[in-house]
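> The following block contains a protein sequence and its predicted model.
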Amino acid sequence: MEDLKMQYVPTWCIGCGNYGILNALKKAISSLDISPEELALVTGIGCSSKIGQYVNTYRIETLHGRSLPVATGVKLANHRLTVIAEGGDGDGMGLGIGHFIHTARRNLDITYIIHNNQIYGLTKGQASPTSDLGAITKFTPAPLGSVEQPINIVQMALQAGATWVGRSTAADPQLADYMVQAVNHKGFAVLDILQPCVSFNHVNTYKWYQERVYRLETLPDYDAADYAKAASVAGQWGEKIPIGVIYRTERMTFEESLPQLAGRPLVEQPIDTISISTLMDELA
Ligand code: SF4
């Protein structure tokens, strides 16, 4: 945990759920037995994407919604690295939704952690793609509130082809454990974390989540390997919200299907055999 500490103090609002996620992330990384230089943390833009500034490892803060294509590039360049992409619901489900779907269907060995506070926090409280129907925000005022159907992240991940899908909350004592499971999974793992925004979302609070979540592991007949069962609980929202490992399966990763990556990672392969002028002549 000490090795991962940065000199910067987080600028998040007091009480923000991002603090719990940061602590869990450091705990998870330290228990994964990987050194900081073996990990790349790729974030988008938003309050949650600042998390990369507070973890002492390789990290890139990319453009809004673009953490997954950059994480894809990192993984293809050096598939020996552990790659974690991270960002908020606006970043990932708004601007980044196309990348999310294509990364899931390709099944890259990347973990994607989404801080889902159902609001755009950094820009001071607009409705996000996961805001509930009727959510009152500055740009979706009363009496109607948001008139757009929210995106259910775990349902979307299942349908797009993610091979590990889980959900937790920023205050969940098992959050670090779910992160470890997601990183250890070989393939695209999506962890939806319900994260209160204490400044701009006064509905989906710690208490609101606490009163609704239940852990799938406590159900006697729940089997995360069963897609039909996963699909049936993934749609639950409102009075009852499932958390835990929702779905887990195995499928060949994108990297494994590329013969040019079968040996050494690209970064370790010689480039002096490639003649740029020959390539240019072919393209001419
Ligand atoms: Fe956290 Fe919301 Fe403050 Fe952003 S605006 S730091 S999400 S509480």
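Ah, there it is.

> how near is Asn18 to the ligand?
Distance of Asn18 to the ligand, computed by C-beta to the nearest ligand atom, to the nearest Å: 5 Å. Just so you know, the C-beta spots here come from the backbone N, C-alpha and C atoms, and that holds for glycine as well.

> again, but for Val190
Noted for Val190: a distance of 20 Å to the ligand, by C-beta to the nearest ligand atom.

> Surely that residue and Gln159 touch.
No - between Val190 and Gln159 there is no contact under C-beta atoms under 8 Å: 11.5 Å.

> Comparing the two, which shows the higher neighbour count?
Val190 (29 against 14; other C-beta atoms under 10 Å).

> secondary structure element for the more buried one?
Assigned by DSSP states H and E, Val190 falls within strand 189-194.

> Contacts for that strand next, please.
Residues outside strand 189-194 that contact it (C-beta atoms under 8 Å, 6 or more residues apart in numbering): 17, 21, 104, 110-117, 153-154, 157, 162-170, 175, 178-179, 181-183, 204, 209, 213, 241, 243.

> For the next helix or strand after it, which helices and strands make contact with it?
Using DSSP H and E, the helix or strand that follows strand 189-194 towards the C-terminus is helix 206-210. Of the remaining helices and strands, none touches helix 206-210 by 3 or more C-beta pairs under 8 Å, 6 or more residues apart in numbering; DSSP states H and E.

> so how far is helix 206-210 off the chain centroid?
In terms of C-alpha atoms, centre = their mean, to the nearest Å, the centre of helix 206-210 is set 21 Å apart from its chain centre.

> Spell out which parts of the chain neighbour the ligand.
12-13, 16, 18, 47, 117, 121-122, 197-200 (C-beta under 6 Å from any ligand atom).

> Most neighbours among these, which one?
Asn117 (30 neighbours).

> how about it, what does it touch?
By C-beta under 8 Å, 6+ apart, the residues touching Asn117 are 17, 48, 88-89, 128, 194-197, 201, 204.

> hey, where'd the helices end up in this structure?
Along the chain, counting by DSSP state H, helices occupy 18-31, 67-77, 89-90, 97-106, 153-160, 175-184, 206-210, 227-234, 276-283.

> TSV for the ones you listed, including mean pLDDT?
Formatted as TSV, the helices of the chain follow (pLDDT from 0 to 100):
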stretch	mean pLDDT
helix 18-31	97
helix 67-77	97
helix 89-90	98
helix 97-106	98
helix 153-160	98
helix 175-184	98
helix 206-210	98
helix 227-234	97
helix 276-283	86
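
> deepest of those, which one?
Comparing those by mean neighbour count (mean count of other C-beta atoms under 10 Å), helix 89-90 comes out on top with a mean of 30.

> Roughly how far does the closest residue to Asn116 other than its chain neighbours sit from the ligand?
Nearest non-adjacent residue to Asn116, counting by C-beta to C-beta, 6 or more residues apart in numbering: Asp89, 4.4 Å away. Computed with C-beta to the nearest ligand atom, the distance linking Asp89 and the ligand is 10 Å.

> Tell me which residues touch the residue nearest to Gly134 when sequence neighbours are not counted, please.
Closest residue in space to Gly134, ignoring its immediate chain neighbours: Gly145 at 4.0 Å, by C-beta to C-beta, 6+ apart. Gly145 sits next to 127, 133-137 when contact means C-beta under 8 Å, 6+ apart.

> so who does the nearest residue to Thr163 once chain neighbours are set aside touch?
In space, and not counting its chain neighbours, Thr163 is closest to Gly187: 3.7 Å by C-beta to C-beta, 6+ apart. For Gly187, the contact set (C-beta under 8 Å, 6+ apart) comprises 107-109, 162-164, 250-251, 253.

> cool, and Tyr54?
Per C-beta under 8 Å, 6+ apart, neighbours of Tyr54: 6, 8, 10, 22.

> Out of the residues you listed, which comes closest to the ligand?
Of all these, the ligand sits closest to Pro10, with 8.4 Å by C-beta to the nearest ligand atom.

> Distance check, the nearest residue to that closest one once chain neighbours are set aside against Gly96.
Excluding its sequence neighbours, the residue lying closest to Pro10 (C-beta to C-beta, 6+ apart) is Tyr54, at 5.5 Å. Plainly put, Tyr54 is 21 Å away from Gly96 if you go by C-beta to C-beta, to the nearest Å.

> Okay then, goodbye and thanks.
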